[in-house]
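Peer 1: this is a predicted model, with the sequence first.
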Amino acid sequence: MSRSPIAILVPLAFLAGLYFAVFSSVAQFLPALLNGLTVTVSVAVPSILLAYAISLLAGLGRLSSIAPLRWVSVVYIEVFRGVSLLVVLFWLYFVLPEFGLTLSAYTAALLGVSLNAGAYGAEIVRGAVRAEPKGQYEACVTLNMPPLRKYARIILPQALVIAIPAMTNMTIELLKGTALVSAVTLVDLTAAGVRQNQLTYRTVEIFSVLALIYFCLAQIVRFSGARLEHVFNRHLGER
Amino acid sequence: MANEKIRFEGVTKRFGALTVLDKLDLSINDGEVVTIIGPSGSGKTTVLRCLMTLESIEDGLIRIDGEPLNKMESEGRLVPASNAHLRRMRLKLGMVFQSFNLFPHLTVLQNCVEPPIFALGVTRDEARSRAQELLDMVGMGDKQAHYPAQLSGGQQQRVAIARTLAMQPEILVFDEPTSALDPETIEEVTSVIRSLAVKHSYTMLMVTHQIAFAHDISDRICFFDKGRIVEQGPPAAVIDAPTEARTQQFLRKVAQAR
């Protein structure tokens, strides 16, 4: 995967323009946005890790030969794919207390975001495992590989490489989805921007900086994914 | 009569309405090298796949060393084999595939070392020294750190043979081991198989289209058509002087294609 020069030039030019045009006003609202950014990152990073774990479990669960595991996975995937993240967040934060389960805003945000993304990730994992050539399974049978080893050592390491581009996509979606956590009272990057806009009325500057920050975060994810894919594909050659 | 190693008793395999193996009876002695030839779609490969438990069979029984493979004895009756039974019986079997099926994310050495560790429970040191020995034997000792994608087809197939031998099987099954190879690399693979047939005591069952090679190494040739053995016997009989019209026709076509 080649790094497109546009991906680097555009934000640089954007930054330079912003610097000259609005330097004075940025100082007014930037600290508040950076606070929002730390909230966004502190929700996003653990959510990403949790979403990956859920993707793996639910994806493999759907492929399991044990029927109850399959049912649980299917129900989970269909419920969380089918219900909007915003509604899930409302449920976790406002509805669950009605049933005696109170979650902090942060916990609700983390759970909502990762359960939502995990449902998509599970389907990605399932697709990647299914894409594994039949010959690999047959080799494992004839070599008498125990089932756990077969998956841990042979099937998953190959399937996860296949899954990287789609998982990168999912991760970027998750990242942008964290903008919804303001619904459960967290002041994330977007919420901080909205609030600063009400205070300073620097609408163009604030939402330009906001767009730029999200774009840069997405680029970090994209670059990490491409890097991972490169490392893992080093030896695999053409398949 | 020598010890019987493998026995197919009335084995029938169907794919939907298509009968691929039709009440197959086949007995292979310990140390015997048997090659199955025949037109494509005749069920040759299916014989191997049923033996390797990669396919289930609708009817009949396969025995190895007299013990049922696809069934097992329970309270004096034959019941469908459990996974544990299949696992134990498969320890005697090793298969080399047409498409090699090496693990592409593992090095040549890892490909040969890991299966014995996980499936046989040998120590890593033991597995490693045995794998190195086998890789030397197939002429791949200097490529241990390479990944499969860095090797030619012939080299990959030789690694696959070493990986199969690392499991210490008694029976070797070759499914068209040279069909996916470039013509110039076929010889390096056939020479390895030849040395296995000549120098070692493996029981071997092979499917191949290399008629001359089959003639060279086999104790017996089985000509297959439509899921049945049409003709079998020593190469000098089946290949050089076939009696069945169907065999003669097939061998004529193969000779013309060359």
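Peer 2: The structure has been received and is ready for your questions. Numbering: from 1, shown residues only, chains lettered A, B, ... in the order given.
Peer 1: for chain B, what's the longest helix?
Peer 2: Longest helix of chain B, by residue count under DSSP state H: helix B:183-199.
Peer 1: run through the neighbouring helices and strands of the helix or strand that comes right after it.
Peer 2: Next helix or strand after helix B:183-199 toward the C-terminus (DSSP states H and E): strand B:203-207. Contact partners of strand B:203-207 among helices and strands, from 3 or more C-beta pairs under 8 Å, 6 or more residues apart in numbering or on different chains; DSSP states H and E: strand B:4-15, strand B:18-29, strand B:33-37, helix B:44-51, strand B:171-175, helix B:183-199. (Each C-beta comes from the backbone N, C-alpha and C, glycine too.)
Peer 1: turn the ones you listed into a markdown table, including mean neighbour count and mean pLDDT.
Peer 2: Shown next, in a markdown table, are those (neighbours: other C-beta atoms under 10 Å in any protein chain shown; pLDDT from 0 to 100):
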| stretch | mean neighbour count | mean pLDDT |
| --- | --- | --- |
| strand B:4-15 | 18 | 94 |
| strand B:18-29 | 18 | 93 |
| strand B:33-37 | 25 | 95 |
| helix B:44-51 | 24 | 94 |
| strand B:171-175 | 22 | 96 |
| helix B:183-199 | 16 | 91 |
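Peer 1: can I get these in JSON lines including distance to B:D216?
Peer 2: Formatted as JSON lines, those follow (distance: least, C-beta to C-beta, whole Å):
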{"stretch": "strand B:4-15", "distance to B:D216": "21"}
{"stretch": "strand B:18-29", "distance to B:D216": "18"}
{"stretch": "strand B:33-37", "distance to B:D216": "10"}
{"stretch": "helix B:44-51", "distance to B:D216": "19"}
{"stretch": "strand B:171-175", "distance to B:D216": "14"}
{"stretch": "helix B:183-199", "distance to B:D216": "7"}
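Peer 1: and of the ones you listed, who's closest to A:L217?
Peer 2: Across the helices and strands packed on strand B:203-207, A:L217 has its closest neighbour in helix B:183-199 (49.8 Å, C-beta to C-beta).
Peer 1: show the contacting residues for the residue of the stretch 151-258 of chain B found nearest chain A.
Peer 2: Going by C-beta to the nearest C-beta, chain A is nearest to B:M167 of the stretch 151-258 of chain B, at 6.1 Å. Residues in contact with B:M167 (C-beta atoms under 8 Å, 6 or more residues apart in numbering or on different chains) are A:L143, A:N144, B:L91, B:G94, B:P115, B:P116, B:A119, B:L120.
Peer 1: do that again at 10 Å, thanks
Peer 2: Neighbour list for B:M167: A:142-144, B:90-95, B:112, B:115-116, B:119-120 [criterion: C-beta atoms under 10 Å, 6 or more residues apart in numbering or on different chains].
Peer 1: the residues you listed, buried ones only, as a PyMOL selection?
Peer 2: Buried members of those, defined by 16 or more other C-beta atoms under 10 Å in any protein chain shown, are picked up in PyMOL with:
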select buried, (chain A and resi 142+143+144) or (chain B and resi 90+92+93+94+95+112+115+116+119)
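Peer 1: does the helix or strand of chain A with the lowest mean pLDDT reach chain B?
Peer 2: When each helix and strand of chain A is scored by mean pLDDT, DSSP states H and E, helix A:5-63 comes last, with a mean of 87. No - using C-beta under 10 Å from any C-beta of the partner chain, helix A:5-63 never reaches chain B; the gap is at least 17.4 Å.
Peer 1: what about the very next helix or strand once past that helix, near chain B?
Peer 2: Using DSSP H and E, the helix or strand that follows helix A:5-63 in sequence is helix A:67-82. No - judged by C-beta under 10 Å from any C-beta, helix A:67-82 and chain B are separated, with a smallest distance of 17.3 Å.
Peer 1: may I have helix A:67-82 as CSV, with CA atoms only?
Peer 2: Presented in CSV, the C-alpha positions along helix A:67-82 are these (Å, rounded to 0.1, in the frame of the first residue of the first chain):
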residue,chain,number,x,y,z
ALA,A,67,-25.2,-24.6,18.6
PRO,A,68,-25.8,-22.4,21.7
LEU,A,69,-22.6,-20.5,21.1
ARG,A,70,-23.7,-19.9,17.5
TRP,A,71,-27.1,-18.7,18.7
VAL,A,72,-25.7,-16.3,21.3
SER,A,73,-23.3,-14.9,18.6
VAL,A,74,-26.0,-14.4,16.0
VAL,A,75,-28.4,-12.7,18.5
TYR,A,76,-25.6,-10.4,19.6
ILE,A,77,-24.5,-9.5,16.1
GLU,A,78,-28.0,-8.9,14.8
VAL,A,79,-29.1,-6.8,17.8
PHE,A,80,-26.1,-4.5,17.8
ARG,A,81,-25.9,-4.2,14.1
GLY,A,82,-29.6,-3.5,13.9
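Peer 1: span of stretch A:139-148 from start to end?
Peer 2: 15 Å (C-alpha to C-alpha, to the nearest Å).
Peer 1: typo on my end, it should be stretch B:133-141
Peer 2: 8 Å.
Peer 1: in chain B, where is pLDDT below threshold?
Peer 2: Residue ranges of chain B with pLDDT under 70: B:1-2, B:258.
Peer 1: which strands and helices sit next to the longest helix of chain B?
Peer 2: With contacts defined as 3 or more C-beta pairs under 10 Å, 6 or more residues apart in numbering or on different chains; DSSP states H and E, helix B:183-199 has these neighbours: strand B:33-37, strand B:93-96, helix B:124-137, helix B:153-166, strand B:171-175, strand B:203-207, helix B:211-217.
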